[in-house]
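Asks: give me a model of this one.
(one chain, ligands or ions: 1)
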Amino acid sequence: MKTIPEYGLPYEEVLAQLEAYGAEDPDYKSAKTWSLVYYKDAEYTHFLSQAFEKYMSANGLNPTAFKSLKRFENDIVAFTAELLHAGENATGCVTSCGTESCMLAVKTYRDYARQTKHITHPEMIVSQTAHVAWFKGAEYFGVKLRVVPLDENYRIDLREVKKRINRNTIMILGSAPEYPHGIIDPIAELGALGKKHNIPVHVDCCVGGYLLPFMEQAGAQLPLFDFRAPGVTGMTADIHKYGFAAKGCSCILYADPAYFRAQCFVKHDWPGGVFASPALLGTRPGGAYAAAWAAIRANGRQGYIEMAKQTMENADRIRNGIREIPELELIGDPLCSLISYRSVDPVNCNIFAIGDQMQAKGWHIDRLQHPDALHAMITCAHTDVVDAYLADLREAVDAVRGHPELAFKGDAATYSVVGHLPLDRIVKKNVLEIFAKGYETGAGDIELSDGAAITGNEKLDGIVNKLILKDMEKPGLLRKSITAAKVSAVGVLSAGVAAIGAGIIKKGKKK
Ligand SMILES: Cc1ncc(COP(=O)(O)O)c(C=O)c1O
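Replies: Coordinates of the predicted model:
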């Protein structure tokens with residue numbers, strides 16, 4: 001359907017068309033999806049949709065108009081504050097998603113630092129594994145990123161954090177947990193550092209906010225991850241993730257209301273009226289707030305504890321199952337429900353090719369880079385599919401082992417190439433091109449699985465593929481060689497890669 005029909009169609013017909021559009025979507029209702037979706041069951045979903053519908057047209061833009069929405073917001077903020085031990089002065093608001101919450105935090109700490117310390121060249125310290133929302137926020141709000149490498153446990157490296165603190169630092173970020181590997185950063189230590197240097201420390205608990213507290217209440221031993229850690233000034237937590245709300249609800253909280261003031265926007269003399277807004281959005285979706293409020297009340301503390309227990313049991317089964325597959329290994333020690341795993345022999349048993357096999361079996365699995373890995377975000381809904389997932393994983397490994405060429409077939413090719421060829425500027429430019437084209441009117445589906453189109457390396461396949469396999473064996477080899485050779489101009493980079501690669505391969509053969 002490319003244009004508006006001249007005359008309106010019957011509702012049934014429109015709904016049938018709507019259904020048909022989803023035919024190729026990830027099969028989340030059968031729990032075959034390991035990211036993006038938090039789906040309990042049909043009855044619960046219907047309940048949430050009823051709550052949503054009741055306030056679907058209500059608008060949280062003006063918090064004095066729809067008092068209902070402000071009450072939902074107050075309750076959601078209060079409940080989240082209690083869960084995360086934000087203290088008596090906790091102040092915050094509801095946002096539309098984790099990304100909005102994270103971006104708001106960047107703006108808040110930037111403006112707070114400008115007001116209180118007159119910082120005009122703001123910098124923020126984040127780890128490599130901070131959610132991409134923080135990188136987006138830094139770009140949108142003009143804050144320089146100081147990106148910290150990981151320590152040997154895949155946590156933000158504290159020694160490296162210390163090195164990056166300076167008079168322009170407006171905030172330090174920790175994640176609980178981070179998205180890629182599900183690792184909880186050392187929040188207590190980050191808080192202490194922040195306190196010592198008088199720098200705000202924010203905890204991105206978007207994915208963990210409605211899981212970690214209930215895991216703890218169910219008896220799990222976790223490191224400090226919330227406001228109980230002295231020095232933590234703010235947190236973000238998504239109700240539309242492990243809170244099992246409808247999409248469109250996250251929360252940002254500060255222990256000190258002074259930060260929240262720096263978040264708010266006020267235009268008192270606008271011809272449209274006195275205007276004040278706590279978040280990025282203008283119109284704020286009443287349905288999402290109502291559904292989140294309904295989710296919290298319908299699940300209750302005990303309901304969430306039970307869900308957390310089930311999630312942990314599923315995560316343990318998956319972790320143990322992966323440990324029993326000798327060709328695979330877990331990355332780090334993920335304590336909650338997000339995990340990642342990689343191949344112990346990336347060349348002969350390529351992890352992205354394993355991902356393709358799993359995809360062919362109907363599983364929807366995210367792929368990671370630096371290091372190459374597959375990802376799973378486990379929920380209480382996965383209970384009945386854990387065994388099937390592990391059996392398919394075993395089969396997938398068997399099908400891929402001994403076939404290095406599979407790294408360059410199917411969707412695996414994209415990640416093999418993008419993750420290992422240091423063609424950053426070219427890849428970024430080509431991804432942008434493909435993406436933007438996908439938004440031109442009349443465009444079809446966006447296809448980012450064509451590695452050659454993304455890197456523009458069609459002609460160099462033979463040698464480049466060998467090179468990529470070398471880099472899989474020894475990650476970073478190519479980047480180092482290129483830096484050493486000082487090949488930097490975009491136009492000659494591909495050729496440079498090939499030339500250096502030929503050298504590396506020749507050297508390897510001589511040994
Ligand atoms: C740690 C973390 N922060 C932020 C986000 C962004 O959340 P959203 O997708 O709701 O924008 C995510 C999403 O998975 C996340 O895992």
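
Asks: now the element after the strand or helix carrying Tyr304, going C-ward?
Replies: Using DSSP states H and E, Tyr304 maps to helix 286-323. Next helix or strand after helix 286-323 toward the C-terminus (DSSP H and E): strand 328-330.

Asks: need the pLDDT of the residue in the stretch 1-150 of the chain positioned nearest to the ligand.
Replies: Closest contact between the stretch 1-150 of the chain and the ligand, by Cβ to the nearest ligand atom, is at Gly98 (2.3 Å). C-beta coordinates here come from the backbone N, C-alpha and C atoms, glycine included. For Gly98, the model assigns a pLDDT of 98.

Asks: surely it is in contact with Ser250?
Replies: Yes - here Gly98 reaches Ser250: they are 5.0 Å apart, a contact under Cβ atoms under 8 Å.

Asks: give the residues shared as contacts by these two.
Replies: Cys206, Thr236, Asp238 (Cβ atoms under 8 Å, 6 or more residues apart in numbering).

Asks: could you single out the nearest of the residues you listed to Leu368?
Replies: Cys206 (17.6 Å; Cβ to Cβ).

Asks: is it true that the closest one touches Ser250?
Replies: Yes - at 6.5 Å, Cys206 counts as touching Ser250 under the criterion of Cβ under 8 Å.

Asks: shared neighbours, those two?
Replies: Contacts common to Cys206 and Ser250, judged by Cβ under 8 Å, 6+ apart, are Gly98, Ser101, Thr236, Ala237, Asp238.

Asks: now those in TSV, with secondary structure and neighbour count?
Replies: Listed next are the shared contacts of Cys206 and Ser250 as TSV, based on DSSP: H, G, I helix; E, B strand; the rest coil; neighbours: other Cβ atoms under 10 Å:
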residue	secondary structure	neighbour count
Gly98	helix	25
Ser101	helix	31
Thr236	strand	30
Ala237	strand	32
Asp238	strand	27
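
Asks: how about the nearest residue to Val201 once chain neighbours are set aside, secondary structure?
Replies: Nearest residue to Val201 in three dimensions, chain neighbours excluded: Gly194, at 3.6 Å (Cβ to Cβ, 6 or more residues apart in numbering). At Gly194, secondary structure determined by DSSP: H, G, I helix; E, B strand; the rest coil is helix.

Asks: which residues are in contact with Gly194?
Replies: Listed by Cβ under 8 Å, 6+ apart, the contact set of Gly194 reads Ile172, Pro200, Val201, Gly231, Val232, Thr233.

Asks: just confirm the first one is within a strand.
Replies: Yes - the assignment for Ile172 is a strand, going by three-state DSSP.

Asks: on that earlier part again, residue contacts, the residue of the stretch 1-150 of the chain closest to the ligand?
Replies: Gly98 touches His131, Ala133, Asp204, Cys206, Val207, Thr236, Asp238, Lys241, Ser250, counting by Cβ under 8 Å, 6+ apart.

Asks: between the residues you listed, which is nearest Cys336?
Replies: Checking the contacts of Gly98 one by one against Cys336 (Cβ to Cβ), the nearest turns out to be Val207, at 8.6 Å.

Asks: hey, where'd the strands end up in this protein?
Replies: 91-95, 123-127, 144-148, 169-175, 201-204, 232-238, 250-254, 265-267, 275-277, 328-330, 338-343, 367-368, 373-377 (DSSP state E).

Asks: in JSON lines, list the ones you listed along with distance to Thr64 and mean pLDDT.
Replies: Output for those, formatted as JSON lines (distance: least, Cβ to Cβ, whole Å; pLDDT from 0 to 100):
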{"stretch": "strand 91-95", "distance to Thr64": "14", "mean pLDDT": "98"}
{"stretch": "strand 123-127", "distance to Thr64": "34", "mean pLDDT": "98"}
{"stretch": "strand 144-148", "distance to Thr64": "38", "mean pLDDT": "98"}
{"stretch": "strand 169-175", "distance to Thr64": "31", "mean pLDDT": "98"}
{"stretch": "strand 201-204", "distance to Thr64": "29", "mean pLDDT": "98"}
{"stretch": "strand 232-238", "distance to Thr64": "25", "mean pLDDT": "98"}
{"stretch": "strand 250-254", "distance to Thr64": "21", "mean pLDDT": "98"}
{"stretch": "strand 265-267", "distance to Thr64": "14", "mean pLDDT": "96"}
{"stretch": "strand 275-277", "distance to Thr64": "10", "mean pLDDT": "94"}
{"stretch": "strand 328-330", "distance to Thr64": "51", "mean pLDDT": "98"}
{"stretch": "strand 338-343", "distance to Thr64": "39", "mean pLDDT": "98"}
{"stretch": "strand 367-368", "distance to Thr64": "45", "mean pLDDT": "96"}
{"stretch": "strand 373-377", "distance to Thr64": "38", "mean pLDDT": "98"}
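
Asks: possible to save those strands as CSV with distance to Gly355?
Replies: Shown next, in CSV, are these (distance: least, Cβ to Cβ, whole Å):
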stretch, distance to Gly355
strand 91-95, 32
strand 123-127, 25
strand 144-148, 26
strand 169-175, 24
strand 201-204, 26
strand 232-238, 26
strand 250-254, 29
strand 265-267, 43
strand 275-277, 42
strand 328-330, 12
strand 338-343, 11
strand 367-368, 5
strand 373-377, 5
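
Asks: can you list these in TSV and add distance to the ligand?
Replies: What follows is these, written out as TSV (distance: least, Cβ to the nearest ligand atom, whole Å):
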stretch	distance to the ligand
strand 91-95	9
strand 123-127	11
strand 144-148	16
strand 169-175	5
strand 201-204	5
strand 232-238	5
strand 250-254	6
strand 265-267	20
strand 275-277	19
strand 328-330	18
strand 338-343	8
strand 367-368	13
strand 373-377	8
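
Asks: which parts of stretch 280-295 are buried?
Replies: 280, 284-295 (16 or more other Cβ atoms under 10 Å).

Asks: hmm, which two among those residues are most spread apart?
Replies: The largest separation in the buried residues of stretch 280-295, counting by Cβ to Cβ, is between Leu280 and Ala294 at 24.0 Å.

Asks: tally of neighbours for the nearest residue to Lys361 once chain neighbours are set aside?
Replies: Excluding its sequence neighbours, the residue lying closest to Lys361 (Cβ to Cβ, 6+ apart) is Asp392, at 4.8 Å. By other Cβ atoms under 10 Å, 17 other residues sit near Asp392.

Asks: same thing with Pro346?
Replies: A count of nearby residues for Pro346, using other Cβ under 10 Å, gives 23.

Asks: who touches it in this structure?
Replies: Asp372, Met472, Glu473.

Asks: among the residues you listed, name the buried ones.
Replies: Buried members of these, scored by 16+ other Cβ under 10 Å, are Asp372, Met472.

Asks: between the contacts of Pro346, which is nearest the ligand?
Replies: Once Cβ to the nearest ligand atom is applied, the member of these that ends up nearest the ligand is Asp372, at 19.7 Å.

Asks: okay, the residue lying closest to the closest one once chain neighbours are set aside: pLDDT?
Replies: In space, and not counting its chain neighbours, Asp372 is closest to Ile351: 5.1 Å by Cβ to Cβ, 6+ apart. Each residue has a pLDDT score; the one for Ile351 is 97.

Asks: contacting residues around Ile351?
Replies: Leu328, Tyr341, Arg342, Ser343, Arg367, Asp372, Ala373, Leu374.

Asks: beta partners of the fifth one?
Replies: When you say that, I think you mean Arg367. Leu374 (DSSP bridges).

Asks: related to what we said a few turns ago, show me the two of the contacts of Gly98 that sit farthest apart.
Replies: Ala133 and Lys241 (13.1 Å).

Asks: shared neighbours, these two?
Replies: Common neighbours of Ala133 and Lys241 (Cβ under 8 Å, 6+ apart) are Gly98, Cys206.

Asks: could you find the closest non-adjacent residue to Ile165?
Replies: His197 (5.5 Å).

Asks: same question, Lys107
Replies: Leaving aside its chain neighbours, Lys107 sits nearest to Phe141 (5.1 Å; criterion: Cβ to Cβ, 6+ apart).

Asks: next: Gly402.
Replies: Spatial nearest neighbour of Gly402, excluding adjacent residues (Cβ to Cβ, 6+ apart): Asn348 at 5.9 Å.
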